[in-house]
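Asks: return atomic coordinates for the entry below.
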Amino acid sequence: MKFFIVSILISFQLSLVAQNGILVNETKTTHIICPERVSYLQAGDHSRILSEVVPEHPSLVRVKAVEPFEGESSLTLVSAGRMYSLFVSYGDTGPIEYNLKSFYGEKTGLSAAGPVPEYILKELCRQMLFRQGRQIRNRKTKKDGIVLRLEKTGLNNDLLFFQISITNQTNTAYRLEDFNWWIDDKRQMKAVNVQEYQIHPEFQYYGITSIPPETTLREVFVLPKLTIPGKRILRIEMLEQALGNTGRKLSLEIKSRDILKAKKLK
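Replies: Next comes the predicted model:
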């Protein structure tokens, strides 16, 4: 009976390996369709395969062989909170597009060191909001009448607090679709492997969804405590809710020294 169960497990693992394989060659471009934007992409052997996230479509990956090769290489990518490790072989009879959902992936993500009651998080956020003055200067971005600014940073045990302000200088409401937080390189070159890691906030104080015309609103996000190496930055991305792909997207870089300025919250 034990041998039978072990055999089933081995067969299941082998089937997963077989399913997580793609074929590429040097005369055709193979595309992988992902459910959400790709936050991490890494080829196993750059001398064998080239891979990149399509700049115009961040949920699409294209892969191509440099030249004919024997054996296997690998391709690792993260999308929609799951990590996929794919085996890449050379061949000219395979499909030219794959759906990532058809492959097996492991759950991934970053989490805080421990749970904190919501009423405590709210109180700490209020401390920041009612503190006078702007602690961080010249950390802002602007696009088409919308200004996104980092105002303050705070620290409590293993949690970081970021107070931002959003100013709508236009005559129409700005409707928010989402905020995304990333750790990535200071300078990302095109057509290279993406080195991004998504951070998921532990708490958002107001949960604002719209900024009325000619109005400034403030929001506080709570993130797990982190450190940023010298060549990396923390980036907040604000997306507008709009038809098609017409929404305004603002991206604000937060540097290591902004985090080091975080004032202790009690």
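Asks: pLDDT weak spots in this protein?
Replies: 1-19, 108-115, 186-195, 244-245 (pLDDT under 70).
Asks: quick one, helices of it?
Replies: Residue ranges of the helices in the chain, as given by DSSP state H, are 2-19, 118-130, 256-260.
Asks: next one: the closest residue to Tyr98 other than its chain neighbours relative to Arg149, how far apart?
Replies: Leaving aside its sequence neighbours, Tyr98 sits nearest to Ile32 (Cβ to Cβ, 6 or more residues apart in numbering; 5.0 Å). C-beta coordinates here come from the backbone N, C-alpha and C atoms, glycine included. Distance from Ile32 to Arg149, counting by Cβ to Cβ, to the nearest Å: 37 Å.
Asks: quick one, which of those two is more surrounded?
Replies: Ile32 (24 against 20; other Cβ atoms under 10 Å).
Asks: show me the contacts for that one.
Replies: Ile22, Leu60, Val61, Arg62, Val63, Leu77, Glu97, Tyr98, Asn99, Leu100 (Cβ atoms under 8 Å, 6 or more residues apart in numbering).
Asks: which among those residues end up buried?
Replies: For the contacts of Ile32, a burial check counting by 16 or more other Cβ atoms under 10 Å picks out Ile22, Leu60, Val61, Arg62, Val63, Leu77, Tyr98, Leu100.
Asks: which residue is nearest the centroid of this protein?
Replies: The structure's the chain has its C-alpha centroid closest to Gln198; by Cα atoms, centre = their mean the separation is 3.3 Å.
Asks: in terms of contact, does that residue touch Ser39 like I think?
Replies: Yes: using Cβ atoms under 8 Å, Gln198 is in contact with Ser39, at 4.7 Å.
Asks: give the buried residues for stretch 203-218.
Replies: Phe203, Tyr205, Ile211, Leu217, Arg218.
Asks: just give me the closest of the residues you listed to Gln127.
Replies: Gln127 has its nearest neighbour among the buried residues of stretch 203-218 in Tyr205, at 11.0 Å by Cβ to Cβ.
Asks: please report phi then psi for that closest one.
Replies: In terms of degrees, to the nearest 10, the main-chain angles of Tyr205 are phi -70, psi -60.
Asks: pretty sure it sits against Ile164.
Replies: No: if you go by Cβ under 8 Å, Tyr205 and Ile164 don't touch, sitting 10.7 Å apart.
Asks: ok, Gly145 to Gln169 distance?
Replies: Gly145 is 4 Å from Gln169, by Cβ to Cβ.
Asks: swap in Gly207?
Replies: From Gly207 to Gln169 the distance is 23 Å (Cβ to Cβ).
Asks: again with Tyr40
Replies: Per Cβ to Cβ, Tyr40 is found 35 Å from Gln169.
Asks: circling back: spit out the residues that contact Tyr205 and Ile164 alike.
Replies: With Cβ under 8 Å, 6+ apart as the test, Tyr205 and Ile164 both reach Glu219, Val220, Phe221.
Asks: okay, and the beta partners of the first one?
Replies: The partner list for Glu219 in beta bridges (DSSP bridges) reads Ile164.
Asks: list the contacts for it?
Replies: With Cβ under 8 Å, 6+ apart, Glu219 has these contacts: Gln163, Ile164, Ser165, Ile166, Gln204, Tyr205, Tyr206, Ile208.
Asks: hmm, 7 Å instead?
Replies: For Glu219, the contacting residues are Ile164, Gln204, Tyr205, Tyr206, Ile208, by Cβ atoms under 7 Å, 6 or more residues apart in numbering.
Asks: and what of the second one?
Replies: Contact partners of Val220, counting by Cβ under 7 Å, 6+ apart, are Cys125, Met128, Leu129, Phe161, Phe162, Gln163, Tyr205.
Asks: pretty sure Glu237 contacts Leu176?
Replies: No: with contact defined as Cβ atoms under 7 Å, Glu237 does not reach Leu176; the gap is 11.5 Å.
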